[in-house]
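In: Curious how this folds, go ahead:
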Amino acid sequence: MSNSEQFDFIAVGDTVTDAFIDIKQASVYKEHDQDHDGTVDEELCFINGAKIPYESVTIIPAVGNAANAAVAAARLGLSSAFVSDVGDDEHGREILATLKKQGVDTRYVRTHAGMPSNYHYVLKHNAERTILIKHQKYPYHLPDIGTPKCIYFSSVGDDSLPYHEEVVKYVKAHPSVKLAFQPGTFQIKLGAEKLKELYQCSEIFFCNVEEARIILKSAEPEPAKLPTMMSALGPKISVITDGPNGAYAYDSHSGKTYFMPPYPDPKPPVSRTGAGDAFSSTFTVALLLGKSVPESLAWAPINSMNVVQHVGAQTGLLSRSELERYLEERPADYFVKEIKA
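Out: As a prediction, the model looks like this:
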């Protein structure tokens, strides 16, 4: 693709190499609702000072919310590019090579001399994971990305507030560009007030039920009500996922709220890492391909279902033909329901 051509999908956010450490000898304890978000937390426990055996280590480069979304878009047939930062090290070079191999254009990924690339440790216990994270303090900057059909903005480090302002300024100057926002950990902690303008200029918003309650500062027990509450902050379409219970979406264009059950797992999940990224990016791609909100809701869980059958967030991402085959073979009860919320 030449510089004069425009991309369909540009993902913006940090990228990382994940080291998955598969651990069997650990205990999981259910705790009380420490965050007061209506959920019961679990604690992964080891004996401090002990030697803990592990089963295996799997190294997966070029992942992270936005990177996963860029790869998902490329697999589904869109021209996809990535805006991010890496260090001038072996991990950074491997990240760039991996993204190119996945069909993602890396012209907007900056390499920083003297800085390391992001590297996270993922403690995998059964299908769940606990991630030890560290975001390098890169000097974030939004390059000249032209006028893509969509910007998909997600997780960045905790020193990135001015970067959010750059994204807002860009979207306001390019009203034809749709903004999809899937907040990461820091963006959720920032809260809706500090990111008020970002929410207001978002076409599509994604988070899970627990994250929605934190952002909204609400203990609302009914997940079906959360998308409408989120759209009151500005997003035209708000999608709230509820894990194995399904997902909800509110479309302000029609004033309707929808519920979508999960696509049934063919076998127990191997790892849930990347399920939310697969859902959100697939929903966004479907909308860009001209699908309706209900049709997009039917696409999204299929990619999530296949991702959790593999270790890593990108291995199980489907092509469009593979996804459509699953859709054709869907169970009779796999359909979107319009609900009262």
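In: could you pull out the strands for the stretch 201-341 of the chain?
Out: 204-208, 237-241, 247-251, 256-260, 337-339 (DSSP state E, counting those that start in this stretch).
In: With distance to M230 and mean pLDDT as new columns, can those strands be given to me in a markdown table?
Out: In short, each C-beta sits where N, CA and C put it, glycine included. Converted to a markdown table, these look like this (distance: least, CB to CB, whole Å; pLDDT from 0 to 100):
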| stretch | distance to M230 | mean pLDDT |
| --- | --- | --- |
| strand 204-208 | 6 | 98 |
| strand 237-241 | 4 | 98 |
| strand 247-251 | 7 | 98 |
| strand 256-260 | 11 | 98 |
| strand 337-339 | 16 | 96 |
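In: Give me the below-cutoff pLDDT ranges for this structure.
Out: 1-5, 31-40 (pLDDT under 70).
In: circling back to that earlier point, would CSV of the strands of the stretch 201-341 of the chain with mean neighbour count be doable?
Out: Compiled in CSV, those are given as follows (neighbours: other CB atoms under 10 Å):
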stretch, mean neighbour count
strand 204-208, 26
strand 237-241, 27
strand 247-251, 26
strand 256-260, 21
strand 337-339, 11
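In: Figure out which of the ones you listed is closest to A66.
Out: strand 204-208 (12.2 Å; CB to CB).
In: what lines up beside the closest one in the sheet?
Out: strand 178-181 (parallel), strand 237-241 (parallel) (DSSP bridges).
In: got the contact list for that strand?
Out: By CB atoms under 8 Å, 6 or more residues apart in numbering, the list of residues contacting strand 204-208 from outside reads 178-183, 188, 199, 215, 230-231, 235-243, 276, 279-280, 283-284, 287.
In: where do the helices sit along the stretch 201-341 of the chain?
Out: Ranges of helices in the stretch 201-341 of the chain, per DSSP state H, counting those that start in this stretch, are 209-216, 226-231, 275-288, 293-307, 320-328.
In: What sits closest to S160 if chain neighbours are left out?
Out: Leaving aside its sequence neighbours, S160 sits nearest to Y140 (CB to CB, 6 or more residues apart in numbering; 5.3 Å).
In: Looks to me like the one you found is in a strand.
Out: No. If the criterion is DSSP: H, G, I helix; E, B strand; the rest coil, then Y140 is coil and not within a strand.
In: What separation do you get for it and I10?
Out: 15 Å (CB to CB, to the nearest Å).
In: before we move on, the earlier item: wait, the residue nearest to S160 sits on V156?
Out: Yes. Y140 is within contact range of V156, at 6.6 Å (criterion: CB atoms under 8 Å).
In: For the two, work out which one has more neighbours and name it.
Out: Neighbour totals were compared for Y140 and V156, and V156 leads with 27 against 21 (other CB atoms under 10 Å).
In: Surely that one and Q187 touch.
Out: Yes. Judged on CB under 8 Å, V156 makes contact with Q187 at a distance of 7.3 Å.
In: Go ahead and confirm F259 touches K225.
Out: No. Using CB under 8 Å, F259 makes no contact with K225, being 11.8 Å away.
In: Any idea how many residues pack against the residue nearest to M229 when sequence neighbours are not counted?
Out: With CB to CB, 6+ apart as the criterion, M229 has its nearest non-adjacent residue at 5.5 Å, and that residue is L216. A count of nearby residues for L216, using other CB under 10 Å, gives 17.
In: Please tell me how far L216 sits from S231.
Out: 11 Å.
In: do H91 as well
Out: Distance from H91 to S231, by CB to CB: 39 Å.
In: Same question for H174.
Out: 22 Å.
In: Please say which of these two ends up with more neighbours.
Out: Using other CB under 10 Å as the criterion, H174 and S231 rank with S231 on top: 20 against 15.
In: give me every residue that touches the more buried one.
Out: Contacts for S231 were tallied using CB under 8 Å, 6+ apart; they are 205, 237-238, 250, 252.
In: Might one say that S252 is in contact with K236?
Out: Yes. Counting by CB under 8 Å, S252 does reach K236; the two are 5.0 Å apart.
In: Of the contacts of strand 204-208, just the buried ones, PyMOL syntax please.
Out: To isolate in PyMOL the members of the contacts of strand 204-208 that are buried, counting by 16 or more other CB atoms under 10 Å, one can use:
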select buried, resi 178+179+180+181+182+183+188+199+215+230+231+235+236+237+238+239+240+241+242+276+279+280+283+284+287
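In: What is the burial count for the residue nearest to R330 when sequence neighbours are not counted?
Out: Excluding its sequence neighbours, the residue lying closest to R330 (CB to CB, 6+ apart) is Y263, at 7.1 Å. Neighbourhood size, Y263 [other CB under 10 Å]: 21.
In: just E197 next, same as before
Out: Residues lying near E197 (other CB under 10 Å) number 16.
In: do K196 as well
Out: Neighbours of K196 (other CB under 10 Å): 13.
In: Can I get stretch 326-337 as CSV, trimmed to CA atoms?
Out: Extracted C-alpha coordinates of stretch 326-337, given in CSV (Å, rounded to 0.1, in the frame of the first residue of the first chain):
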residue,chain,number,x,y,z
TYR,A,326,-19.2,-21.1,11.8
LEU,A,327,-22.1,-18.7,11.4
GLU,A,328,-23.8,-21.0,8.8
GLU,A,329,-23.4,-24.0,11.2
ARG,A,330,-24.6,-22.1,14.3
PRO,A,331,-26.9,-23.8,16.7
ALA,A,332,-30.6,-23.0,16.5
ASP,A,333,-30.5,-21.0,19.8
TYR,A,334,-27.6,-18.8,18.6
PHE,A,335,-29.4,-15.6,17.6
VAL,A,336,-29.6,-12.0,18.6
LYS,A,337,-32.5,-10.9,20.9
